[in-house]
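Q: what's the 3D shape of this:
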Amino acid sequence: MKILKIGLVLVTLLLSLPSFADCVHGGNVYPEGATIGSYKCVNGSWVGN
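A: Below is the predicted model:
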């Protein structure tokens, strides 16, 4: 039963990781929605405005 609980926690954690989509620029990590010049962080990548 303990192994089942640990397994469920691990699966839940792994499935939630893609929701933490941060962008990297020049070695720095920027949160979703951050803007640098004419670029905006959307879903883990920089998109031009």
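Q: Please tell me the pLDDT value assigned to Thr35.
A: pLDDT, Thr35: 95.
Q: before we move on, could you check phi and psi at it?
A: Torsion angles at Thr35 (phi, psi; degrees, to the nearest 10) stand at phi -120, psi 140.
Q: So in terms of bridging, what pairs with it?
A: Taking DSSP bridges as the rule, Thr35 bridges to Lys40.
Q: Can you give me the distance of it to Gly27?
A: 18 Å (Cβ to Cβ, to the nearest Å). Bear in mind the C-beta positions are built from the backbone N, C-alpha and C, glycine included.
Q: so where is the protein shaky, pLDDT-wise?
A: Residue ranges of the chain with pLDDT under 70: 13-20.
Q: Spatially, what comes nearest to Ser45 if we skip its sequence neighbours?
A: Leaving aside its sequence neighbours, Ser45 sits nearest to Cys23 (Cβ to Cβ, 6 or more residues apart in numbering; 6.5 Å).
Q: ok so, going back, if you count surrounding residues, which of Thr35 and Gly27 has more?
A: Thr35 (11 against 5; other Cβ atoms under 10 Å).
Q: and that one, how far is that from Leu10?
A: Relative to Leu10, Thr35 is positioned 35 Å away (Cβ to Cβ).
Q: For Val24, give me its contacts.
A: Contact partners of Val24, counting by Cβ atoms under 8 Å, 6 or more residues apart in numbering, are Tyr30.
Q: and it, what are its bridge partners?
A: Val24 has these beta-bridge partners by DSSP bridges: Val29.
Q: Quick check: it vs Gly37, distance?
A: From Val24 over to Gly37 (counting by Cβ to Cβ), the distance is 16 Å.
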